[in-house]
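Visitor: This is the structure alone, sequence omitted:
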Ligand code: ADP
Ligand code: MG
């Protein structure tokens, strides 16, 4: 178990993005959605990403996770260059090391909660019995042990989003990407989902990158980055006592005490 200081500051670099560029071309029009962006995410960090609509937050998540291609730069995950891999290797690397929570829940309507959570495990080759065991375990972890047999339309929005959190975590990914996960939820449900992400970060050291519009959510994360026009315009980390914010250096190495 990590100390509070370690969680705030993060451990060794898990993801390193260097000069990442992404250009969308629609007919004659080019949009530079990522304009040579550098970012290092350390193991155990909860990073909130804020910025106006169109500033490149979703593109950042899609490119740094390898869901989408990049037009320049590189992304290292655990020291491995994502875009130097074949598509097939990148896909299996992503299935093993990354989990996703989107604004739309993307649950399969005819499947129960347990079936939705175990599906990616089955696709990844986990034996059925083990997949079911882990699915139930994850649903318990997100407070849904009484809903394992329910289908999405028999669950509230907050419960559905907790199923997607369980699904994202079932493969025990190194990093979880969450793109405005509370965008479709009312305030109370949103608070529950955010509290759950905090808990997973605090208690299990789960590394999470979370896009949010909510300033309260942003300032409760250990680290807050702000984007504008495809660039990072601010990158700040909270002190371990939560009293102060300080800038995060571009190519810093974080020292972990103890
Ligand atoms: P955010 O998530 O911060 O709202 P996005 O990453 O979705 O921003 O978009 C960044 C910019 O890239 C915007 O100007 C957007 O219009 C453009 N963009 C995003 N996706 C596409 C796409 N598939 N095709 C063309 N332009 C896109
Ligand atoms: Mg977006």
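Guide: Yep, it's here. Just so it is clear, the structure is predicted and the values come from calculations on it, not from any experiment. Residues are numbered from 1 along each chain as shown. Ligands and ions are numbered 1, 2, ... in the order given.
Visitor: for ligand 1, what are the nearby residues on the stretch 51-200 of the chain?
Guide: Contacts of the stretch 51-200 of the chain with ligand 1, taken as Cβ under 6 Å from any ligand atom, map to 51, 53, 54, 55, 56, 57, 58, 59. C-beta here means a position set from N, CA and C on the backbone, and glycine is covered the same way.
Visitor: so which of those residues comes closest to residue 126?
Guide: Among those, residue 58 lies closest to residue 126 (Cβ to Cβ), at 29.2 Å.
Visitor: what number of residues lie near the closest one?
Guide: Number of residues near residue 58 (other Cβ atoms under 10 Å) recorded here: 19.
Visitor: Please apply the same query to residue 205.
Guide: Neighbours of residue 205 (other Cβ under 10 Å): 17.
Visitor: now residue 200
Guide: Count around residue 200 with other Cβ under 10 Å applied: 20.
Visitor: Can you tell me the element it falls in?
Guide: helix 187-204 (DSSP states H and E).
Visitor: Tell me which residues of that helix come out buried.
Guide: Neighbour counts over helix 187-204 (16 or more other Cβ atoms under 10 Å) mark 189, 190, 191, 192, 193, 194, 196, 197, 198, 200, 201 as buried.
Visitor: picking up where we left off before, now the buried members of the residues of the stretch 51-200 of the chain next to ligand 1.
Guide: 51, 55, 56, 57, 58, 59.
Visitor: And the helices in the stretch 151-258 of the chain?
Guide: Under the criterion DSSP state H, counting those that start in this stretch, the stretch 151-258 of the chain contains helices at 157-169, 187-204, 215-220.
Visitor: out of the ones you listed, which comes closest to residue 101?
Guide: helix 157-169 (5.1 Å).
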